[in-house]
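Asks: Let me see the structure of the following:
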Amino acid sequence: MNTSKLTDLKENEEKIRKQAKKLLRQKTSEILKKQTHLFMHEKSLTKIPVPKNPNQILYAYYHNNQLTKIENIELLYNVTHLHLQWNKITKMEGLESLHSLKKLYLGNNKISVVENLEGLKYLEELHIEKQNLDGPDTLCFDPRTLIYIGGSLRILNVSENKLTDMAWVKPLRQLEVLVARKNNLENYQAVADDLCTLLSLVEINFLGNPMTRKHRYKETIIARCSQLRILDTVAIHSTSKTFMRNFDKVVRLRQLHEKNKIETTRRGADEFFDLNMLSGPRAQSALSIAEFSNQKPKVTAFDSTYTFMPRAFWRMRKTPSPHEGIAPPMEPPPPPKQPISDNDIFPIKGILKKPMPMKYISLYLGNSIAETGILEPMQFLREYVSKNIPVVIRNGCSHWPAVSKWNAAYFREKIPDKNVVVAITPNGLADGITKNEKGEEYFVTPHETTMTMAQFLDGLDEKRENYIQYIQKQNSNLTTDFPELMEDVYAEIPFASEAFDKLPDAVNFWMGDERAITSMHKDPYENIYCVIDGYKDFILIPPTDLPFVPYKRYPQAEFRYTDNKWDIVPVETVNMVKPTSADIDIVQNDDFIQPSGLPWISIDPLSPNYFKYPQFKRAHVYSVRLKKGDCLYLPSLWFHHVRQSHGCIAVNYWYDMEFDVKYCYFKMLEKLCGNY
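Replies: Numbers count the residues shown, from 1 in each chain. Predicted structure coming up:
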């Protein structure tokens, strides 16, 4: 009996060992399959080879080689750490597409200008020490690059670069650690002035610079950099920092006081001599001096109401009356009208009829569409939804099973006989403006037909002339027509559903020919657009630019395909039962007879006719490319135009918009513009 139990135990133990070995082999194979580290260092490379499986690489090591140029790394769009130190690289280039890069090492090369980092929005560390050690030139910095990376860069090493000043560092507003050892910095006062605006700076290393041997160097730097904790590898005691900061304030206030005193005295003397040297009667001179100067007195530390008048004219001063407390309203005459040129900036007039400063015009719109990696619901709601501005979520859906599975081959295997509704056009413009044979313009909807998925994919491969296919049925076709594919994607976008406090109204599936184009339009939905395979190119214009976006009313028609021939068939308005976008959503008024035709945007943003529509130059036009695994939050009422790569697959989630104050403002803008 005991022998049989012992035998069973041994067999069970052997089975468990085999299972453990099997699991270990599986894990090892998975790790080997997904190569996240690329080791190409110390191989005497003179050129960077094209990497294999580039989208899996997170860490790339190319240091200690003979490289002279940065190339063949644009496909490493998921890399976070890039090592290129100890080479012979002469120019920073080819890095713009590395959107996920966080740490960049370029030390010991021959770079002369820090540039071309505009695409690295998440760059946190830049190590560019010891450049051109044998040459006499100092390292230079492109201001545009520094402004772009200034919102993310935390650590910067610029040691041994023969730097003579630090004025270039001002745009790096998030900088926390600055290492600038062994440079040619001599004026510590100027350096302190340049660093005082960096409120996040906590550690500085200036060892080896001439200014470190000067009297009051440490006191000045510590006093001017309010958050500094470590200077030249030595921690700063809080008591010392407080004392030095207060002492510096006293010194600077005293200097400012003396400066104001001298300035006030000099200005008073100048006014006195100007007054007494003017030609003509003294009274006339006294009355005309204010008109002659046309300047308000500067505020000083002594008396902001001080005005200078010689004793000889005291008797001419008017006695103030109780009715003279407020000056009568006065407005300067309007300037003469000038011819408007293409380069003129048009001032925006407000209630006070004063030009609005440009800083307010771009208050909520930057120079580019914001990008991020991860979005929390509160952050999404506060920073983007409430402001009604778009944001790109790089790799936002890259973890979905669909991203690794969906393509033409997968659909041929999974759903070859699935019936799909396909929109077909001769020119790729489904729901767009097209001219008929007589040159008359119509808003034309596509010819729709039903075919199997295999037939649709064959048509994509064939790319027939004047026969452009696109699956674009906007009726939540992913959930209704392709339920077998829902297991590969999310039924909702979690952060969006929580922020909007609702589920999506529709989930749409898109796939088609690269020649298929979605013309410029707007939608009454909050849109989360996810690219599963290929890429999409978006052109975006904010709804506030409605006055600059030309509209026109077009008669409606549809494409008909019979006997291998295309016709544009006019359709009566009453028979049109499927509006395609928010551009058709016009508020009806019982007292207003609605004009015939459908309002649609009459300009092509790819080739705009500025002669016909000159106001379009004033629109803020943004271009965004969504790559495989990327997502885009497209706010409601934003104008958008879409192109794609051949066979591109995408999914979008429509959340119903809130008809709140933003919608009311937009409808008011529509009425004011009278575009419709």
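Asks: now stretch 187-197: how far from the chain's centre is it?
Replies: Averaging C-alpha positions (C-alpha atoms, centre = their mean, to the nearest Å) puts stretch 187-197 31 Å from its chain's average.
Asks: now stretch 492-507
Replies: 23 Å.
Asks: Going forward, count from 10.
Replies: Let's use 10 as the start, then, which means that last one is stretch 501-516.
Asks: Mind listing residues that contact that stretch?
Replies: Under the criterion C-beta atoms under 8 Å, 6 or more residues apart in numbering, residues 384-387, 389-390, 394, 483-485, 487-488, 498, 500, 534-535, 537, 640, 642, 660-665 lie in contact with stretch 501-516. Heads up, the C-betas are built off the backbone N, CA and C, glycines and all.
Asks: In this protein, where is pLDDT below threshold?
Replies: By pLDDT under 70, the weakly predicted segments of the chain are 10-11, 36-43, 248-373, 582-604, 684-685.
Asks: Give me the domain ranges for it.
Replies: For the chain, the structural domains run 41-256, 263-319, 396-682, going by automatic domain parsing.
Asks: Nearest to K31, out of those domains?
Replies: Taking C-beta to C-beta, domain 41-256 is the member of the domains of the chain nearest to K31, at 15.7 Å.
Asks: thinking again about what came up before, can you check which of the domains of the chain gets nearest to A379?
Replies: Using C-beta to C-beta as the measure, domain 396-682 is the one of the domains of the chain that comes nearest A379, at 4.6 Å.
Asks: From start to finish, how long is the closest one in a straight line?
Replies: 22 Å (C-alpha to C-alpha, to the nearest Å).
Asks: Can you give me the distance of I442 to G683?
Replies: To G683, I442 is 20 Å away according to C-beta to C-beta, to the nearest Å.
Asks: quick one, which of those two is more surrounded?
Replies: Between I442 and G683, I442 has the larger neighbour count (other C-beta atoms under 10 Å), namely 19 against 8.
Asks: Could you measure from the nearest residue to that one once chain neighbours are set aside over to L607?
Replies: Leaving aside its chain neighbours, I442 sits nearest to E450 (5.6 Å; criterion: C-beta to C-beta, 6 or more residues apart in numbering). Distance, E450 to L607, using C-beta to C-beta: 11 Å.
Asks: Now do the shared contacts for the two.
Replies: Y563.
Asks: So the two - more neighbours on which side?
Replies: More crowded of E450 and L607, by other C-beta under 10 Å: L607, with 20 against 15.
Asks: Let me know how buried N196 is, in neighbour terms.
Replies: Neighbour count of N196, defined by other C-beta under 10 Å: 15.
Asks: Tell me who's in contact with it.
Replies: Residues near N196 by C-beta under 8 Å, 6+ apart: 174, 220.
Asks: run the last query once more with 6 Å
Replies: The contact partners of N196, by C-beta atoms under 6 Å, 6 or more residues apart in numbering, come to none.
Asks: gap between it and K427?
Replies: 73 Å.
Asks: With L678 instead?
Replies: From L678 to K427 the distance is 44 Å (C-beta to C-beta).
Asks: Could you do E127 as well?
Replies: Taking C-beta to C-beta as the measure, E127 falls 44 Å from K427.
Asks: again, but for I398
Replies: 38 Å.
Asks: With E457 instead?
Replies: From E457 over to K427 the distance is 16 Å, taken as C-beta to C-beta.
Asks: likewise S611?
Replies: Distance, S611 to K427, by C-beta to C-beta: 38 Å.
Asks: And S528, by the same measure?
Replies: Counting by C-beta to C-beta, the gap from S528 to K427 is 28 Å.
Asks: Please apply the same query to G382.
Replies: In this view, G382 and K427 are 35 Å apart by C-beta to C-beta.
Asks: Which of the helices or strands spans S645?
Replies: S645 belongs to no helix or strand when assigned by DSSP states H and E.
Asks: Help me confirm that it comes into contact with E535.
Replies: Yes. S645 is within contact range of E535, at 5.3 Å (criterion: C-beta atoms under 6 Å).
Asks: so what sits against both of those two?
Replies: Common contacts of S645 and E535 (C-beta under 6 Å, 6+ apart): M666.
Asks: R34 is nearest to which of the domains of the chain?
Replies: Taking these one by one with C-beta to C-beta, domain 41-256 is closest: 10.4 Å.
Asks: A659: what secondary structure?
Replies: At A659, secondary structure determined by DSSP: H, G, I helix; E, B strand; the rest coil is strand.
Asks: how many neighbours does it have?
Replies: A count of nearby residues for A659, using other C-beta under 10 Å, gives 23.
Asks: And it, how far from D542?
Replies: Noted for A659: a distance of 8 Å to D542, by C-beta to C-beta.
Asks: Then V453?
Replies: To D542, V453 is 29 Å away according to C-beta to C-beta.
Asks: With neighbour numbers in mind, choose between those two.
Replies: Ranked by neighbour count (other C-beta under 10 Å), V453 and D542 place V453 first, with 27 against 20.
Asks: Quick one: end-to-end distance for stretch 652-662.
Replies: Using C-alpha to C-alpha, the two ends of stretch 652-662 sit 18 Å apart.
Asks: Now do the buried residues in that stretch.
Replies: By 16 or more other C-beta atoms under 10 Å, the buried positions in stretch 652-662 come out as 652-654, 656-662.
Asks: I'd say F48 and Y68 touch.
Replies: No. Applying C-beta under 6 Å as the test, F48 and Y68 come out as separate, 8.8 Å apart.
Asks: what about Y538, how many neighbours?
Replies: By other C-beta under 10 Å, 24 other residues sit near Y538.
Asks: Now for it: which residues touch it?
Replies: Y538 sits next to 641, 643, 661 when contact means C-beta under 6 Å, 6+ apart.
Asks: Any chance you could give me the helix or strand hosting it in PDB, C-alpha atoms only?
Replies: Using DSSP H and E, Y538 falls within strand 534-542. Provided in PDB are the C-alpha atoms of strand 534-542 (Å, rounded to 0.1, in the frame of the first residue of the first chain):
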ATOM      1  CA  TYR A 534     -20.400  64.200 -31.300                       C
ATOM      2  CA  GLU A 535     -17.500  63.900 -29.000                       C
ATOM      3  CA  ASN A 536     -15.200  61.600 -31.000                       C
ATOM      4  CA  ILE A 537     -12.500  59.200 -29.900                       C
ATOM      5  CA  TYR A 538     -10.800  57.900 -33.100                       C
ATOM      6  CA  CYS A 539      -8.600  54.900 -32.900                       C
ATOM      7  CA  VAL A 540      -6.300  53.600 -35.700                       C
ATOM      8  CA  ILE A 541      -5.900  49.800 -35.700                       C
ATOM      9  CA  ASP A 542      -3.800  49.400 -38.800                       C
END
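Asks: name the helices or strands packed onto the helix or strand just after that strand?
Replies: Later in the chain than strand 534-542, the nearest helix or strand by DSSP H and E is strand 545-550. With contacts defined as 3 or more C-beta pairs under 6 Å, 6 or more residues apart in numbering; DSSP states H and E, the packing partners of strand 545-550 are strand 631-635, strand 648-653.
Asks: Pull the distance from the longest one to the chain's centre.
Replies: This points to strand 648-653. In terms of C-alpha atoms, centre = their mean, the centre of strand 648-653 is found 17 Å from the chain centre.
Asks: partners of that strand in the sheet?
Replies: strand 526-530 (antiparallel), strand 545-550 (antiparallel) (DSSP bridges).
Asks: Please identify the most buried of those.
Replies: Counting by mean count of other C-beta atoms under 10 Å, strand 526-530 has the highest mean neighbour count of the strands paired with strand 648-653, with a mean of 22.
Asks: Now A463: which helix or strand?
Replies: Assigned by DSSP H and E, A463 belongs to helix 462-471.
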